[in-house]
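In: okay, here's the prediction I keep looking at, along with the sequence it came from:
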Amino acid sequence: MNERLDHFMARANAAYYATHDPFADFTTAPEISQVFGELLGLWAAVTWRSLGAPSPVLLVETGPGRGTLMADALRAIGRAAPEFHAAASIHLIETSDRLRDVQRERIPEAVWHDAIDTVPDGPMILVGNEFLDALPIRQFVRRGAGWTERFVGPAGFLETATDHDPAVGATDGDIVERRETAEAIAVTLAERFVRHKGAALFLDYGPEASAPGDSLQAIAQGQPVDPLAPAGTADLSSHVDFERFGAAAKAAGARVHGPIPQGLFLARLGLFQRTNQLARHLRPRAAAAMTEGARRLAEPDRMGRLFKAIALLSPGAETPPGFE
Ligand code: SAH
């Protein structure tokens with residue numbers, strides 16, 4: 001049976017996250033430095049205040065992995081913004097039972113959801129790191145004057161003629177990717193932020209502007225592999241299309257800031273000041289590791305430029321920290 005690429009990707013990732021410890025295959029910003037989660041927690045607190053400090057408020061994370069980001073964020077919030085901590089209920093959107101078990105150890109007070117739809121309505125601050133890149137994509141190929149869509153068959157990719165027109169300039173053979181799940185999340189959040197005060201911050205990798213190209217990638221045992229490797233054996237991801245993601249949120253009524261490079265965003269939030277402050281209390285080796293972690297997140301030739309930050313907010317909300 002031939003399977004549309006987005007259906008294959010959804011199935012493959014569900015199987016992968018259900019059966020693997022993804023962090024054996026790749027690492028992520030919250031696992032690199034505790035300062036990442038702390039700064040995002042402080043971002044959430046300051047943004048909450050600028051929205052008028054609504055109470056109660058939902059503090060939500062999409063795709064929390066090991067729960068490290070939220071645990072670091074809550075520690076920083078507890079110290080710096082106890083009134084936000086007291087007003088917040090924690091909601092985690094996670095499809096993998098295996099990762100939910102890991103998250104429950106770190107954040108026992110959380111409530112879990114399979115998708116945003118079941119998170120209660122109300123004022124909300126949401127964060128998501130390396131979540132959007134895991135969502136399924138469709139791929140269209142320009143062939144002559146028309147388009148085909150990529151399916152996965154027993155022997156690899158197949159192309160099927162389609163009337164679906166991604167409506168972009170492309171030359172023969174160009175691949176154009178579409179992210180319907182990610183865009184639907186942008187619209188859902190925007191609609192919520194129109195009804196109630198809210199803000200969402202996503203950090204992920206991808207270009208600033210939409211462009212044709214195949215960005216599907218797969219990682220297994222820490223190495224790049226064929227994306228069509230048997231479903232569940234590799235982590236599949238693609239570049240986030242921030243331009244279309246932001247445009248979808250804007251069209252649904254949200255204010256959008258960014259995308260801006262992660263390095264710039266974290267530096268503005270005080271990445272290096274906080275890292276130095278922590279490093280002063282460590283032995284030289286641990287201090288060097290702490291500093292190295294911060295550099296890895298921020299340096300342009302490492303994670304600082306390919307990774308971007310984008311924020312969606314209620315209409316009329318002030319510019320959030322880091323996006324000034
Ligand atoms: N944010 C974490 C983990 C990133 S890995 C970090 O930065 O370390 C991607 C996470 O998203 C995993 O927790 C995975 O199980 C989850 N995930 C992937 N697809 C999902 C989906 N469709 N719905 C909810 N969670 C999903």
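Out: Yep, that arrived. These numbers come from a predicted model, not from an experiment.
In: now the residue of the stretch 151-300 of the chain found nearest the ligand, nearest residue through space, not along the chain?
Out: Residue nearest to the ligand within the stretch 151-300 of the chain: residue 181 (7.1 Å; Cβ to the nearest ligand atom). Bear in mind the C-beta positions are built from the backbone N, C-alpha and C, glycine included. The spatial neighbour of residue 181 that comes closest, neighbours along the chain excluded (Cβ to Cβ, 6 or more residues apart in numbering), is residue 135 at 4.4 Å.
In: just to check, that neighbour is in contact with residue 177?
Out: No - the criterion here is Cβ atoms under 8 Å, and residue 135 misses it with residue 177 at 11.4 Å.
In: related to what we said a few turns ago, pull out the buried positions in the host helix or strand of the residue of the stretch 151-300 of the chain closest to the ligand.
Out: Here residue 181, judged by DSSP states H and E, is contained in helix 180-195. Of all the residues in helix 180-195, those buried under the rule 16 or more other Cβ atoms under 10 Å are 181-183, 185-186, 188-190, 192-193.
In: could you do stretch 173-180 as well?
Out: Judged by neighbour count using 16+ other Cβ under 10 Å, the buried positions of stretch 173-180 are 174, 176-179.
In: distance between the helix holding residue 181 and the chain's centre?
Out: In this view, helix 180-195 has its centroid 14 Å away from the chain centroid, taken as Cα atoms, centre = their mean, to the nearest Å.
In: likewise stretch 96-106?
Out: With Cα atoms, centre = their mean, you get 18 Å for stretch 96-106.
In: list the contacts of it.
Out: With contacts defined as Cβ atoms under 8 Å, 6 or more residues apart in numbering, stretch 96-106 is touched by 14, 17-19, 21-22, 64-68, 70-71, 92, 94, 110, 112.
In: quick one on the thing from earlier: tell me the pLDDT at the residue of the stretch 151-300 of the chain closest to the ligand?
Out: We have a pLDDT of 98 for residue 181.
In: please apply the same query to the one 10 residues further on.
Out: pLDDT, residue 191: 98.
In: contacting residues for the residue nearest to residue 181?
Out: Applying Cβ under 8 Å, 6+ apart to residue 135 gives the contacts 179, 181-182, 185.
In: residue 143 now?
Out: So residue 143 contacts 159, 161, 172-173 (Cβ under 8 Å, 6+ apart).
In: what do you get for residue 189?
Out: Contacts for residue 189 were tallied using Cβ under 8 Å, 6+ apart; they are 116, 126, 198, 200, 249, 254, 312.
In: what's the burial count for the nearest residue to the third one once chain neighbours are set aside?
Out: Nearest-residue entry for residue 198: residue 124, 4.2 Å, with adjacent residues in sequence omitted and distances by Cβ to Cβ, 6+ apart. Taking other Cβ atoms under 10 Å as the criterion, the count of residues near residue 124 is 26.
In: swap in residue 225?
Out: For residue 225, the count of nearby residues is 16 (other Cβ under 10 Å).
In: again, but for the one 4 residues further on
Out: Residue 229 is surrounded by 13 other residues when neighbours are defined as other Cβ under 10 Å.
In: and for residue 263?
Out: Neighbour tally, residue 263, other Cβ under 10 Å: 23.
In: same check on the one 10 residues further on?
Out: As a burial measure, the neighbour count of residue 273 was computed by other Cβ under 10 Å and equals 11.
In: the one 10 residues further on now?
Out: Other residues near residue 283 number 9, with proximity taken as other Cβ under 10 Å.
In: go on, the one 3 residues further on?
Out: Using other Cβ under 10 Å, the number of residues around residue 286 comes to 12.
In: which residue is the nearest non-sequential neighbour of residue 318?
Out: In space, and not counting its chain neighbours, residue 318 is closest to residue 50: 4.6 Å by Cβ to Cβ, 6+ apart.
In: I'd say the one you found and residue 314 touch.
Out: No - if you go by Cβ under 8 Å, residue 50 and residue 314 don't touch, sitting 10.3 Å apart.
In: quick one: which of the two has more around it?
Out: Neighbours per residue (other Cβ under 10 Å) separate residue 50 from residue 314, with residue 314 holding more: 21 against 16.
In: which residues of the chain lie near the ligand?
Out: Residues of the chain lying close to the ligand (Cβ under 6 Å from any ligand atom) are 13, 17, 22, 28-31, 63-65, 69, 93-96, 99, 129-131, 134-135.
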